[in-house]
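Enquirer: dropping the sequence and predicted coords here.
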Amino acid sequence: HTSKGSLNRYKSGSRFTAAVRDVQNGLVDMAVGDFWVTGERLKMTSFTVPIVYDKTVLVVPKPGQKSNLTYQTQKVFDPFTPGLWAVVIAIVLAAA
């Protein structure tokens, strides 16, 4: 839970940053959640050792790759082979 005062006063930040700000201001003793430790939040208060590390990655296309509509549409089917797509479609049809 985040105080309405922090949310209203600091509208540009996230709810998580507002919760950390509540700890900084002494409104609460601690905030529990899946917080990302950022530089801004570290300036406000201290954090415990993370229990779980988030393995989020950012994937961006290489410069100069094809960007036409046909190529972008076909990319959706790249994760699976045509045979596996056939199996997926067969299971969906059988389940329907």
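Expert: Received the coordinates, thanks. Predicted, not measured: the structure shown is a model, and the values here were computed from it.

Enquirer: roughly how far does residue 63 sit from residue 70?
Expert: With distances taken as Cβ to Cβ, to the nearest Å, residue 63 is found 20 Å from residue 70. Bear in mind the C-beta positions are built from the backbone N, C-alpha and C, glycine included.

Enquirer: for residue 77, grab the count of nearby residues.
Expert: Residue 77: 10 surrounding residues under other Cβ atoms under 10 Å.

Enquirer: what's the single longest helix in the chain?
Expert: Scanning the chain for the helix with the most residues, using DSSP state H, yields helix 82-95.

Enquirer: host element of the most centrally placed residue in the chain?
Expert: In the chain, the C-alpha nearest the mean C-alpha coordinate belongs to residue 56, at 7.1 Å (Cα atoms, centre = their mean). Under DSSP states H and E, no helix or strand contains residue 56.

Enquirer: pLDDT value on it, please?
Expert: The model reports residue 56 with a pLDDT of 82.

Enquirer: ok, residue 7 next?
Expert: 66.

Enquirer: name the surrounding residues that touch the longest helix of the chain.
Expert: Helix 82-95 has contacts (Cβ atoms under 8 Å, 6 or more residues apart in numbering) with 77, 80.
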